[in-house]
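>>> Sequence first, then the predicted structure, then my questions.
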Amino acid sequence: MNLAGLLLQLLNGLAEASALFLVAAGLSLIFGVTRIVNFAHGSFYMLGVYLAWGLTTWMGGTALGYWVALPLAAVVVGALGALIEMLVLRRIYHAPELFQLLATFALVLIIGDAALAVWGPTDLFAARAPGLDGAVQILGRRFPQYDLLLIALGPAVLGLLWLLLMRTRWGRLLRAAAENRSMLAALGVNQAWLFTSAFALGAFLAGLGGAMAAPRTPATLGLDLEIIASAFVVVVVGGLGSVPGAFLAALLICLAKAVFVYAGQTQIGPWTFNLSKLTLVAEFAIMAVVLVLRPWGLLGKPPEPGGGATAVAAPLAPASRRARLAYGALLLALLALPLADAAWPYLTVLFTEILIAALFAASLHFLIGPAGMTSFGHAAWFGLGAYGAALLLKLAALPMEAALLAGPLAAGLGALLFGWFCVRLSGVYLAMLTLACAQILWALAYQWDAVGGSNGLIGLWPSDWLASGPAYYYASLALCVAGIAWLRRLVFSPLGYALRGARDSALRAQAIGIDVQRVQWAGFTAAALAAGLAGSLYAFSKGSIAPDVLGVSRSVDGLVMVLLGGVQALAGPLAGAAAYTWLQDTAARLTEYWHAVLGLAVLALVMARPDGLAGIARRPGVRP
């Protein structure tokens, strides 16, 4: 065994763990106090990297200027975080948690395009840190001096945060807010100031993580979503709101990755395994194992007994006569749509995308709304449907029509397997376990060369009779309408009523004889089948697929569609999918900064109508 090589990989893991801990600690603080799952936290990290590059370029002519520039970048990010909290988040603290999540996602889009406008699309490399730009000899191997600084920085920040939280009045107030905010308000504490300061500190820590990573990580667009997934994993594995837990989880995950990198090609009997490929999935596999064995994380607190009851959502009812007439008129308009194809040739292509998005969003809404199960990894079933149809066509040589209809079975089988574990959790822990499932499947598709690997699969075109004219549009319309109608029928079936009972109070549902986990498992699988059908249609509409059909961005798109339309209305996901897909397509045609346009539109809607687009159209007596 090469002990020097192993030691250096472990030291690399410690350096990575310290940088990741800085980001995760800020996210843990923000969630612990405000209860907001802050998607924009990764954007603060990205801004820290960009600002560190800019400030070190401007001030870094001397060693003093360089070392002042790094913390200054973090201070600027912290001030921006405070401003965002006061102008945006403070206005929606009383909105449902998922809509707060949607608002922070809108901020991701806005900040990302702001970075594109200021710094451009090219990668930017900060200068090396003066005085620490060399290497030291460790067992005959060279190790960067700067990484030694990072290794020391993590424990130092952990110690300072412990002193701040445990030995100051402000820290005691933060811990009290995390335990019982209503009691804190009753004691006359200014919660607005407390929340702003906590958010500013969390943003500062994310900015500091980015600034300290700048000498070893290029500033590039996309860092935001890349780091936020890892930060979420660390926070959940460590235990929500636990800063020491985040530090322990960062160490566990990064050291595990280091060991896999060191192991490389490993021979076990007649088989050879490339364990270094497991680095893509290591953190999510660890999270999945921890959540199954200890659902509240390594150092988190288990939920209070009886905490399963939640606020009862507004009851759902079958569509009114007026709503049914509106659906009928919409269906007639969709049937007549190809008649306008001569004037707008792209119209049927766009509406095929909208139909597929509507089915995908409706399947996710079935989980989030009636079933009460939040999912951050719903793209897993969309992607399995797409890959299932593609592999049945390519490898099993099934006719395209048979592959299209059989593809969703892959999603159903995957949901049967993963869902058995997922339904044993609830809330954000369930959401993160579904994210882990999706990322594991993404890593498998990305590295499995037999199914295309990172290049994906091509040549997935419909049969000749479906490829001519609007035939595929009509096929998509028929299947999407059938899938949405099936989901709607399930809502008002015995399964749907049982799911809603389990959502509103699991304890009461169990008391009257409902097997909550079995019912939720069935609902989870049903939603996956519908999402798989959407993925199967998507594969043949595009003619190719890539691993991104299983990626985080696809899951986030589905979540945005559902929240944009409104969770409390069955028509919500349909309106949200249509609006989001159309706005995305239109904005992309008009401006380079279409993400920001989309984000501003979403943010405006969240602040004006937290009940979504369906809430705008709702009238007394009308049940959409």
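Everything's here; your move. Numbering: from 1, shown residues only.

>>> any chance you could map the strands in the chain?
In order along the chain, the chain carries the following strands (DSSP state E): 135-138, 141-144, 265-268, 271-274, 457-458, 544-545.

>>> could I get the first one in CSV with only the CA atoms?
The one in question is strand 135-138. Extracted C-alpha coordinates of strand 135-138, given in CSV (Å, rounded to 0.1, in the frame of the first residue of the first chain):
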residue,chain,number,x,y,z
ALA,A,135,4.4,23.2,-1.7
VAL,A,136,5.7,21.3,1.2
GLN,A,137,7.2,17.8,1.2
ILE,A,138,5.2,15.1,3.0
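
>>> hey, which helix is longest across the chain?
Longest among the helix segments of the chain by residue count, using DSSP state H, is helix 3-34.

>>> Check the burial of the closest residue to G383 other than its chain neighbours by counting its neighbours.
Nearest residue to G383, sequence neighbours excluded (CB to CB, 6 or more residues apart in numbering): L550, at 3.3 Å. All C-beta spots, glycine's among them, are computed from the backbone N, C-alpha and C. Using other CB atoms under 10 Å, L550 is surrounded by 29 other residues.

>>> Could you check the pLDDT of L550?
Looking at L550, its pLDDT is 92.

>>> so it touches L441, yeah?
Yes - the criterion here is CB atoms under 8 Å, and L550 meets it with L441 at 5.2 Å.

>>> what touches both of the two?
Applying CB atoms under 8 Å, 6 or more residues apart in numbering, one finds that L550 and L441 are jointly contacted by 380, 383-384.

>>> Which of the residues you listed fall in helices?
Using DSSP H, the shared contacts of L550 and L441 in helices are 380, 383-384.

>>> nearest to D515, of those residues?
A380 (24.3 Å; CB to CB).

>>> Quick check: closest non-adjacent residue to D548.
With sequence-adjacent residues excluded and distances taken as CB to CB, 6+ apart, D548 is closest to R554, at 6.6 Å.

>>> residues near the one you found, how many?
R554: 22 neighbours (other CB under 10 Å).

>>> now do P399
With other CB under 10 Å as criterion, P399 counts 11.

>>> so it touches S463, yeah?
Yes - with contacts counted by CB under 8 Å, P399 reaches S463, the gap being 7.2 Å.

>>> Is it possible to get JSON lines of the ones in helices among the shared contacts of L550 and L441 that adds distance to G131 and pLDDT?
JSON lines is the format used below for those (distance: CB to CB, whole Å; pLDDT from 0 to 100):
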{"residue": "A380", "distance to G131": "47", "pLDDT": "95"}
{"residue": "G383", "distance to G131": "47", "pLDDT": "95"}
{"residue": "L384", "distance to G131": "51", "pLDDT": "96"}
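
>>> Could you list the low-confidence segments of the chain?
1, 181, 264-276, 303-315, 342-343, 610-611, 614-624 (pLDDT under 70).

>>> now, which of the ones in helices among the shared contacts of L550 and L441 sits nearest E16?
Closest approach between those and E16, by CB to CB: A380, at 26.3 Å.

>>> which ones are touching the nearest residue to the closest one once chain neighbours are set aside?
Leaving aside its sequence neighbours, A380 sits nearest to A438 (CB to CB, 6+ apart; 3.9 Å). Contact partners of A438, counting by CB under 8 Å, 6+ apart, are 376-380, 383, 550-552, 555.

>>> all helices of the stretch 201-350 of the chain, in order?
Using DSSP state H, counting those that start in this stretch, the helices of the stretch 201-350 of the chain run over residues 223-238, 243-263, 282-293, 321-336, 347-368.

>>> and if you look at the stretch 1-150 of the chain?
3-34, 41-59, 63-87, 97-119, 145-167.

>>> Of the ones you listed, which stretch is the most buried?
Compared across the helices of the stretch 1-150 of the chain, helix 41-59 shows the largest average neighbour count, a mean of 26 (mean count of other CB atoms under 10 Å).

>>> which residues sit in contact with the residue of the chain most remote from its centre?
For the chain, the residue at maximal distance from the C-alpha centroid (CA atoms, centre = their mean) is G140, at 42.4 Å. Contact analysis of G140 by CB under 8 Å, 6+ apart lists A4.

>>> these two touch, right, A178 and L240?
No - assessed by CB under 8 Å, A178 is found out of contact with L240, at 9.5 Å.

>>> which neighbours do those two share?
In contact with both A178 and L240: G32, using CB under 8 Å, 6+ apart.

>>> returning to what we had before: any idea how far the residue farthest from the centre of the chain is from G134?
16 Å (CB to CB, to the nearest Å).

>>> Ok, A17 next?
Distance from A17 to G134, by CB to CB: 23 Å.

>>> which residues touch the nearest residue to V68 once chain neighbours are set aside?
Excluding the flanking residues, the one nearest V68 by CB to CB, 6+ apart is M59, at 6.4 Å. Neighbour list for M59: 65-66, 68-69, 72 [criterion: CB under 8 Å, 6+ apart].

>>> mind redoing it with 10 Å?
65-70, 72 (CB atoms under 10 Å, 6 or more residues apart in numbering).

>>> so how many other residues sit close to L225?
18.

>>> my guess is it contacts D557, does it?
No - L225 is beyond contact range of D557, at 11.9 Å (criterion: CB atoms under 10 Å).

>>> Spell out which residues are contacts of both of the two.
In contact with both L225 and D557: G551, using CB under 10 Å, 6+ apart.

>>> what's the offset of stretch 25-38 from the middle of its chain?
Mean C-alpha position of stretch 25-38 versus that of the full chain (CA atoms, centre = their mean, to the nearest Å) differs by 16 Å.

>>> just the contacts of M59 now: which is nearest T122?
Nearest member of the contacts of M59 to T122, counting by CB to CB, is A69, at 20.7 Å.

>>> give the contact list for the closest residue to that closest one other than its chain neighbours.
Closest residue to A69 apart from its sequence neighbours, by CB to CB, 6+ apart: L55 at 3.7 Å. Residues counted as contacts of L55 (CB under 10 Å, 6+ apart) are 65-66, 68-73, 76, 126, 211, 214.

>>> will you turn the residues you listed into TSV that also has distance to F39?
Below are these laid out as TSV (distance: CB to CB, whole Å):
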residue	distance to F39
G65	34
Y66	32
V68	31
A69	28
L70	25
P71	25
L72	26
A73	21
V76	21
A126	26
A211	21
A214	22
